[in-house]
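[1] Give me a 3D structure for the following:
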Amino acid sequence: MGRNKRRHLQSSAQLKQEAANRKRARIIYGFIMVMVAFVTLVFSLMVLRTFFASSLYHEFIYYWIGTALLYLAALTLIAFFIYTSLVITIKNPQKVGKSKLFYFGLTGIICFTIGIFIVPELSSLTINSVRDMKDYSNGVMHVDDLKVLDVYTGGLSDIALITTDERELTLLFNNYQIEEGKQYRFTYMERSGTILSYEEQ
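    Down below sits the predicted model:
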């Protein structure tokens, strides 16, 4: 084989390798941009919630969308790690050693396992929230007189988890008026247990 032909084959292989590297880089940048977009939307919703949520129902809508976007951001990050580990372990463009290949493969497996747990949570959150919104639009809400057994705020969180003598409820804007040991009439949504209004009995 002539020297010129070998050079041509080498340059052709290098061009293919460079094109493949650019393609992988675009995919990686795409993952990062999508994740940043999701996180930016979450912070935007937090601002909107602070200034424009006029009722506990509006708080619920902002909270649901924000939580769903956080899940999507987490799934995008997981997909990024899975893709990176697959490229390195299968293609191995950087000629990584076998010991490092093992760790990259293990990272991909762990991320995939985490993703398996996140997807059902996101699906359940979305289905229950949409059904609760449909019930609300149809005027279907639960009204019960319940005794409060515990109020958990998690420190500085403005969300309160209310444990009653029958079920757990969630107050998305905690103004610290609900007290343990007292009886309240709660209006709430069935599936998410989100409180829409309450009054002491």
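[2] any idea how far Trp64 is from the residue nearest in space to the middle of the chain?
    Among the residues of the chain, Tyr71 comes closest to the average C-alpha position under CA atoms, centre = their mean, at 1.0 Å. Distance of Tyr71 to Trp64, given as CB to CB, to the nearest Å: 11 Å. All C-beta spots, glycine's among them, are computed from the backbone N, C-alpha and C.
[3] Check which helices and strands the helix or strand hosting Gly30 is in contact with.
    Applying DSSP states H and E as the criterion places Gly30 in helix 3-52. If you count contacts as 3 or more CB pairs under 8 Å, 6 or more residues apart in numbering; DSSP states H and E, helix 3-52 packs onto helix 56-86.
[4] after the helix it packs on comes which helix or strand?
    In N-to-C order, the element after helix 56-86 by DSSP H and E is helix 98-137.
[5] contacts for the helix or strand following that next one?
    Using DSSP H and E, the helix or strand that follows helix 98-137 in sequence is strand 142-152. Residues outside strand 142-152 that contact it (CB atoms under 8 Å, 6 or more residues apart in numbering) are 160-167, 169, 178-190, 201.
[6] least trustworthy helix or strand in the protein by mean pLDDT?
    Between all helices and strands in the chain, the lowest mean by mean pLDDT, DSSP states H and E belongs to helix 3-52, at a mean of 80.
[7] before we move on, back to that, work out the gap between the helix holding Gly30 and the centre of the chain.
    21 Å (CA atoms, centre = their mean, to the nearest Å).
[8] and the angle for it with helix 56-86?
    160 degrees (axes from the mean of the first three to the mean of the last three CA atoms, to 10 degrees).
[9] can you start the count at 23 instead of 1 from here on
    Got it, the first residue is 23 from now on, which makes the last one we talked about helix 25-74.
[10] Against Phe65, how distant is Ile100?
    Ile100 is 21 Å from Phe65, by CB to CB.
[11] what about the two, which has more around it?
    Ile100 (22 against 11; other CB atoms under 10 Å).
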